[in-house]
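S.K.: Next comes the sequence, and after it the predicted model I'd like to discuss.
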Amino acid sequence: MNIDENLSNQLNEDNKDLLPQNILEHSINNIFRKKLVYVCSFGTESAIILHMISEIDRSLPVILLNTNYLFKETIDYKNFLISKFKFSNFKEIFPSTKDLKIKDSKRTLWKENPDLCCNIRKVLPLQKELKKYDAWVSGRKSYHEGERKNLKFFEYINHKIVVNPLAKVNQNFINSYFKKYNLDRHPLYESGYLSVGCTHCTIKTSSVDNPRSGRWADKIKTECGIHYNLKR
Ligand code: SF4
C-alpha cells in the first residue's frame with residue numbers, strides 16, 4: 001500500500017458515509033492493521049475514541065505525548081482510562097533530553113517561543129515514534145472550527161495517513177456519547193476547561209461556542225503543530 005495523498009483521497013471517497021465507530025473499525029481491522037496508533041491527548045473528549053477502540057481491539061497501540069507540562073489531572077485521567085479500558089499497548093513519549101538541554105535549559109521557551117517549545121516537546125517526539133507506523137488516529141473535530149473547520153476522515157500529513165473518526169460529529173454527539181456509555185469526564189471539565197493541554201498554555205474556556213478558546217489564549221497560536229505538514 002502506498003501511503004500518499006491519493007490514498008487519503010480514495011479513503012475519503014470510499015468511506016464518506018461511515019459512522020465514527022465504523023471508520024475506526026475499518027481502519028484497525030482492514031486498512032492499516034498493525035501499522036496504526038492512536039495519539040491520545042487524554043483531554044476532555046478522549047474517552048470517546050478510547051471507548052470505541054476498546055470495543056474493537058484493546059491491543060491497538062495508544063500513545064501520549066507527555067511534554068512534562070501536563071496537568072496532574074490529565075495524568076490521573078490517563079491512568080484511570082488506561083486501566084478502565086484495559087489497553088495492553090500504551091506508552092508515553094517524552095521530549096529528547098538533548099533537545100531540552102540545548103533549546104530550553106531555562107524552561108522558559110513556552111513563553112519566549114511557544115512554536116519551538118511545541119516542536120521539541122510534541123512534534124519531534126511524535127515524528128520519531130511514527131516511523132513505526134503508516135497511520136495514526138487523531139481526535140480532532142471540525143466543529144472546533146479554526147484550522148479544523150474542513151476536516152475530513154482521512155488526511156495525508158508528513159508521509160502518514162491521519163484518521164479522524166470524529167471529524168464530522170457535533171457537540172450533541174459528544175455529550176450524548178458520554179451519557180449513553182456513562183463515560184467519566186476529564187477532572188477539569190466541570191471547572192470550565194473544555195479543552196486541556198499544557199499547564200502553561202491552558203486556561204478555562206471563555207466561550208462554549210469555541211471550546212479551544214482557553215488554549216494559548218493570549219496568543220495568535222491555535223495549534224501545537226503536530227498536524228502541520230513540516231514542509232509547509
Ligand atoms: S503547549 Fe505550551 S508548554 Fe506545551 S509544548 Fe506547547 S508551548 Fe510548550
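M.R.: All right, it came through fine. Nothing here was measured: the structure is a model prediction, and the numbers come from that model.

S.K.: so which strand or helix has the residue of the chain positioned farthest from its centre?
M.R.: The outermost residue of the chain relative to its centre, with distances by CA atoms, centre = their mean, is residue 106 at 27.6 Å. Assigned by DSSP states H and E, residue 106 falls within no helix or strand.

S.K.: Could I get the pLDDT score of it?
M.R.: Residue 106 is assigned a predicted lDDT (pLDDT) of 97.

S.K.: near the ligand, anything from the helix ranked longest in the chain?
M.R.: When the chain is parsed with DSSP state H, its longest helix is helix 72-85. No. If you take CB under 6 Å from any ligand atom as the test, helix 72-85 misses the ligand, and the best it gets is 11.6 Å. In this view, the C-beta of every residue, glycine as well, is placed from N, C-alpha and C.

S.K.: Contacts made by that helix with the rest, please.
M.R.: Residues outside helix 72-85 that contact it (CB atoms under 8 Å, 6 or more residues apart in numbering) are 41-43, 46-47, 50-51, 53-54, 58, 62, 64, 90, 184, 186-188, 196.

S.K.: and if we set it to 6 Å?
M.R.: Under the contact criterion CB atoms under 6 Å, 6 or more residues apart in numbering, helix 72-85 has outside partners 42, 50, 54, 64, 90, 186-188.

S.K.: Inside helices: which ones of those residues?
M.R.: 50, 54.

S.K.: Counting neighbours, which of the contacts of helix 72-85 end up buried?
M.R.: 42, 50, 54, 64, 90, 186-188 (16 or more other CB atoms under 10 Å).

S.K.: quick revisit: so which of the contacts of helix 72-85 is the closest to residue 179?
M.R.: residue 186 (15.5 Å; CB to CB).

S.K.: What distance do you get for the closest one to the ligand?
M.R.: 16 Å (CB to the nearest ligand atom, to the nearest Å).
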